[in-house]
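Peer 1: Give me the fold of what follows.
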Amino acid sequence: MTEPTLTELHQKIDTGVRVAIAEAIERHRLLGESISIFKDGQIVTLTAEQILPKSDLGSKLK
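Peer 2: This is a model prediction of the structure:
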């Protein structure tokens with residue numbers, strides 16, 4: 001594979017991973033399940049009520 005092809009592939013993989021993360025987080029929110037995240041050097045557990053809706057996650061995952 002050439003370098004431009006690899007870069008394009010990496011971008012597609014990165015996009016797919018970000019979409020999958022957003023969908024998994026939204027599923028937890030909808031099912032009322034908590035999630036644990038790493039924030040400011042600590043592990044923080046968010047309740048379902050504290051999880052932002054998927055529509056608000058886009059900018060947070062970049």
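
Peer 1: Distance-wise, check V19 relative to I25.
Peer 2: Per CB to CB, to the nearest Å, V19 is found 11 Å from I25. (C-beta placed from N, C-alpha, C; glycine too.)

Peer 1: who's more crowded, those two?
Peer 2: I25 (20 against 13; other CB atoms under 10 Å).

Peer 1: Hmm, that one is touching I35, no?
Peer 2: Yes. The pair I25 and I35 passes the contact test of CB atoms under 8 Å, sitting 6.3 Å apart.

Peer 1: Mutual contacts of those two, please.
Peer 2: I51 (CB atoms under 8 Å, 6 or more residues apart in numbering).

Peer 1: just checking, S36 is part of a strand?
Peer 2: Yes. Counting by DSSP: H, G, I helix; E, B strand; the rest coil, S36 is located in a strand.
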